[in-house]
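Q: Sequence and predicted structure below; questions after.
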Amino acid sequence: MKAYYLIKNGSSDTAFELRDLKLNDPNDNEVMIETEVFGLNFADVMARLGYYKACPPLPTVIGYDVAGKIIKKGKNVTDLEIGQRVTALTRFGGYATHVNTNHHGVVPINDEIDAATATALATQYSTAYYAAEFSMSLQKGEHVLIQAAAGGVGTALIQLAKRRGCIVYGTAGSEEKLEYLKKQGVDYPINYLKHDFYEYIKKQRGEKSIDAVFDSIGGNYVKKGLKLLAPGGRLAMYGAAQIAGNSDKKSLYRQLKTLFSFGKYRPTQFFAQSQSLIGVNMLQIGDHKPNILKKCMTDVVKLYEKNEINPVVSKNFNANELAEAHNYLQKRKSTGKLAVKW
């Protein structure tokens, strides 16, 4: 058994080291998965840079989603079988040839599905599904803003919003990504490097015109997004990528700047407009509401099998290209999902 350990914060060129992995047998509620592919998520970049508080002390193995085959299972696991091919959400430990994880975060997949696609279903699509269906309850005809819409969760949110008959505004940082958004069905693609999204939407629709905002950037993006919310509007946060920037060095200044740029909010302002500010963290859902996690993962696999969603895998890397994969993700070169093959 092998794993890429995060041994130091900072540059991906020096942050990871391939080591032998000693893995105990799964506990009563876990399965052991032999990994085909593990996925990359922006939370991995945040962990590498030292911004992610939930990350275990170093050295540690990070990673939140894998696809592979069950080779062992605990005595309480009755919904899964040894030999089944699965996609799984892991609470760290994903950058490994083998991983133990709770059975609530594991769903069978057929042999035809690409392993990298399956990892997108585990994390990006389950996150998007929970946000769009459980937290935000998107309705037909609603106007929806998706920040960083060309990313993995952004792509999933576009597809889920269009499935509900919503009008979608999506931000991205290049003309190439804007073309990608158009192909995904975004009605109003916005290049945030050329246009302030708030001013753009205000000009198109006016203030208080957006029914739902999905934000993975944080800071002043949230502040401006709230200004666009119509009465009854909702804003879901599922990240704070603005903190990371493009630097490999942790910056207290950038952390504080992002924190203060969120602005100040009063409970009465949400009550008066019947609005909601919602946080989404699937690790917490997995820990405290595992049955909901299981439903989200099961539902998105079914939607994929019915061709109602279509995950996009931007690029596959080999395991020995992990540093390159991290740089690719941090510099916002990817669209959709990135995956790493053993």
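A: The structure has been received and is ready for your questions. Numbers count the residues shown, from 1 in each chain.

Q: what about stretch 274-285, average pLDDT?
A: Mean pLDDT, stretch 274-285: 92.

Q: which parts of stretch 294-303 are buried?
A: Residues of stretch 294-303 classed as buried: 294, 295, 296, 297, 299, 300, 301, 303 (neighbour count, 16 or more other CB atoms under 10 Å). All C-beta spots, glycine's among them, are computed from the backbone N, C-alpha and C.

Q: who's in contact with it?
A: By CB atoms under 8 Å, 6 or more residues apart in numbering, the residues outside stretch 294-303 that reach it are 87, 89, 104-109, 121-122, 125-126, 129-130, 133-134, 282, 285, 309.

Q: Helices of the stretch 101-250 of the chain, residue ranges please.
A: Along the stretch 101-250 of the chain, the segments classed as helices by DSSP state H, counting those that start in this stretch run 115-120, 126-129, 152-163, 175-184, 197-205, 220-228.

Q: Confirm that residue 5 sits in a helix.
A: No - read with DSSP: H, G, I helix; E, B strand; the rest coil, residue 5 is strand and lies in no helix.

Q: circling back: for the helices of the stretch 101-250 of the chain, could you give me TSV that also reports mean pLDDT and mean neighbour count?
A: Below are these laid out as TSV (pLDDT from 0 to 100; neighbours: other CB atoms under 10 Å):
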stretch	mean pLDDT	mean neighbour count
helix 115-120	96	27
helix 126-129	97	28
helix 152-163	97	26
helix 175-184	96	17
helix 197-205	93	16
helix 220-228	91	20
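
Q: which stretch among these comes nearest residue 335?
A: Among the helices of the stretch 101-250 of the chain, the nearest to residue 335 by CB to CB is helix 175-184 (5.1 Å).

Q: Quick check: phi and psi at residue 320.
A: Main-chain dihedrals, residue 320, degrees, to the nearest 10: phi -70, psi 0.

Q: heads up, I number from 45, so please use that
A: Shifting the count to begin at 45 puts that one at residue 364.

Q: Number of residues surrounding it?
A: Residue 364 has 11 neighbours, counted by other CB atoms under 10 Å.

Q: now it: how far from residue 144?
A: Separation of residue 364 from residue 144 (CB to CB, to the nearest Å): 24 Å.

Q: what about residue 101, neighbour count?
A: Here the number of neighbours of residue 101 (other CB under 10 Å) works out to 5.

Q: can you confirm it is in a strand?
A: No - counting by three-state DSSP, residue 101 is not found in a strand; it is coil.

Q: pLDDT score assigned to the nearest residue to residue 184 once chain neighbours are set aside?
A: Excluding its sequence neighbours, the residue lying closest to residue 184 (CB to CB, 6 or more residues apart in numbering) is residue 209, at 3.7 Å. Turning to residue 209, the model gives it a pLDDT of 98.

Q: what residues go with each domain of the chain?
A: As assigned by automatic domain parsing, the chain contains the domains 46-165+355-385, 168-326.

Q: Nearest to residue 334, out of those?
A: Closest of the domains of the chain to residue 334 is domain 46-165+355-385, at 3.6 Å (criterion: CB to CB).

Q: what about the nearest residue to residue 206 once chain neighbours are set aside, how many neighbours?
A: Leaving aside its sequence neighbours, residue 206 sits nearest to residue 229 (CB to CB, 6+ apart; 4.6 Å). Neighbourhood size, residue 229 [other CB under 10 Å]: 14.

Q: Torsion angles phi and psi at residue 229?
A: With angles defined as degrees, to the nearest 10, residue 229 sits at phi 100, psi 10.

Q: wait, doesn't it sit right on residue 202?
A: Yes - counting by CB atoms under 8 Å, residue 229 does reach residue 202; the two are 6.2 Å apart.

Q: what sits in contact with each of these two?
A: Jointly contacting residue 229 and residue 202 under the rule CB under 8 Å, 6+ apart are residue 212.

Q: Quick one: the strands in the stretch 195-344 of the chain, in order.
A: 211-216, 232-235, 254-259, 273-281, 320-323 (DSSP state E, counting those that start in this stretch).

Q: what about stretch 317-336, how long is it end to end?
A: 29 Å (CA to CA, to the nearest Å).

Q: List the buried residues in that stretch.
A: For stretch 317-336, the neighbour count (16+ other CB under 10 Å) marks 319, 321, 322, 324, 326, 327, 329, 330, 336 as buried.

Q: Now tell me what touches that stretch from outside.
A: With CB under 8 Å, 6+ apart as the criterion, stretch 317-336 contacts 98, 108, 133, 135, 146, 148-149, 167, 170-171, 174-175, 178-180, 270, 273, 275-282, 309, 313-314, 337, 340.

Q: Any idea how far it is from the middle of the chain?
A: On the basis of CA atoms, centre = their mean, to the nearest Å, stretch 317-336 sits 14 Å off its chain's mean C-alpha point.

Q: Likewise for stretch 325-345?
A: On the basis of CA atoms, centre = their mean, stretch 325-345 sits 13 Å off its chain's mean C-alpha point.
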